[in-house]
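J.: Sequence and predicted structure below; questions after.
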Amino acid sequence: MAKMRSRRHVLGLAGTVALAGCSNLDDSSDESIGDANTEGAVDDTNESNGTSDDADNSGDDTESDDDLHAEYDTTEVQAVSADGDDLESVTAAIAETDEELVRGLSETEDLPDDRGMLFVYDEDDQRQFVMRDMDFGIDIIYADSDGTITGIHHAPAPREREEGSHQVYVGHGEYVLETVYDWTVDHEVHVGDTLEFDLES
């Protein structure tokens, strides 16, 4: 569980926007972080129309894996339990330039279960992501500089005729992994587990 290092340094990102499909608003408000079994976010998406978070929010796998995020470098991200057991892995597109951090998954039509996006920052910090312009629900997994998971949010897709800016998810970390909705529940990934990956060429 060694410290992961980037082959490119992301400089000057404090206070910038990163869109993980979501925008990182870098607000320093003190809000509790959810765990793998709780919503734990500022989200009122179910209060007015009775929609259920249990709906299938994952993509429908229509885009081939070879075409998905072809312009990004990728890495295998392995979730490892606190006891050292491998839980599950995804192939993640690496978002580390300003443009990649801003774009995030917002231009992705769907996301296969075995794919994700890893947001790489230059330091541990408080972050906020929103579901702006997202077409599907995601899990937002915050991890510190050692890869230890510090927070998990289950972010459903914005409702029809909504663009998702009101869905705000706060966390703390140097890395943020986004996967399909409920990936952490399906694979029993929890706060305190670790994300292992290699950012070296």
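T.: Nice, thanks for sending it over.
J.: Low-confidence stretches in this structure?
T.: Scanning the chain for pLDDT under 70 picks out the ranges 1-66, 201.
J.: For stretch 98-118, which residues meet the burial criterion?
T.: Using 16 or more other CB atoms under 10 Å as the burial criterion, the residues of stretch 98-118 that qualify are 100-106, 108, 110-112, 115-118. Heads up, the C-betas are built off the backbone N, CA and C, glycines and all.
J.: again, but for stretch 175-192
T.: Buried, per 16+ other CB under 10 Å, within stretch 175-192: 175-184, 187, 189-191.
J.: Out of the residues you listed, flag the one nearest to residue 157.
T.: residue 181 (7.7 Å; CB to CB).
J.: surely the closest one meets residue 154?
T.: Yes - with contact defined as CB atoms under 8 Å, residue 181 counts as touching residue 154 (6.3 Å).
J.: Could you name every residue contacting both of these two?
T.: 137, 139 (CB atoms under 8 Å, 6 or more residues apart in numbering).
J.: Phi first, then psi, for residue 143.
T.: Note on residue 143: backbone dihedrals following degrees, to the nearest 10 are phi -140, psi 140.
J.: I figured it was touching residue 175, is that so?
T.: Yes - assessed by CB under 8 Å, residue 143 is found in contact with residue 175 at 4.4 Å.
J.: Pairing partners for whichever strand in the chain runs longest, with directions?
T.: In the chain, taking DSSP state E as the definition, the longest strand is strand 115-130. Looking at strand 115-130 with DSSP bridges, its partner strands are strand 86-95 (parallel), strand 168-180 (antiparallel).
J.: Just tell me which of the ones you listed ends up closest to residue 123.
T.: strand 168-180 (5.9 Å).
J.: hey, where'd the helices end up in the chain?
T.: 98-103, 183-186 (DSSP state H).
J.: which residues touch the last one?
T.: Defining contact as CB under 8 Å, 6+ apart, one finds that helix 183-186 is touched by 36-37, 79, 88, 90, 113, 116, 139, 141, 152, 154, 189-190.
J.: Pick the one among those closest to residue 127.
T.: Closest approach between the contacts of helix 183-186 and residue 127, by CB to CB: residue 141, at 11.8 Å.
J.: Beta-bridge partners for the closest one, please?
T.: Residue 141 has these beta-bridge partners by DSSP bridges: residue 152, residue 177.
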